[in-house]
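>>> Here you go, sequence then predicted model.
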Amino acid sequence: MTSRRARLRLLLSLSLAPGLGACSGDFNPVRDVAVKTGLGAERKEGPEFVRESRPKELDYAPVGVAPPKPTFRAKTAPDVKAVQGQMDALRAANEARANEARQAGAAASAPVAPAATPAR
């Protein structure tokens with residue numbers, strides 16, 4: 001009985017393999033069978049601008065390999081302090097402009113709505 005179940009599992013897994021392999025790139029037996037029998041559509045070429053904009057060979061980073069070290073150096077402590085000073089100056093200027101806008105908005109009075117005329 002167990003050998004029968006084992007054979008059934010093996011048969012089931014082998015029959016599902018092509019369907020599960022259909023997700024892979026160029027090897028797609030399900031699509032190929034569907035196209036050959038007329039049930040599926042032929043693969044279309046992309047538009048010309050797409051073909052021209054894509055590289056001929058994709059160069060992916062291999063899995064498990066560290067990326068190259070960056071070529072630029074980190075800022076030194078005096079450089080960081082200088083950038084912080086620039087950011088503080090920008091913040092102060094923005095806060096001053098915001099205060100001017102608040103004062104201008106508070107000084108302006110809302111327009112008075114015209115009085116409604118009585119209906120005759």
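Nice, thanks for sending it over.
>>> Packing partners of the helix or strand bottoming out on mean pLDDT in the chain?
Ranked by mean pLDDT, DSSP states H and E, the weakest helix or strand in the chain is helix 2-20, scoring a mean of 78. Using 3 or more Cβ pairs under 8 Å, 6 or more residues apart in numbering; DSSP states H and E, the elements in contact with helix 2-20 are helix 29-37. For glycine as for every other residue, the C-beta is placed from the backbone atoms N, C-alpha and C.
>>> Whichever helix or strand comes after the helix it packs on - contacts with which helices or strands?
Tracing the chain past helix 29-37, the next element assigned as helix or strand by DSSP states H and E is helix 48-53. Applying 3+ Cβ pairs under 8 Å, 6+ apart, one finds that helix 48-53 makes contact with no other helix or strand.
>>> Now helix 48-53: buried residues?
For helix 48-53, the neighbour count (16 or more other Cβ atoms under 10 Å) marks no residue as buried.
>>> Other residues contacting that helix?
Helix 48-53 has contacts (Cβ atoms under 8 Å, 6 or more residues apart in numbering) with E45.
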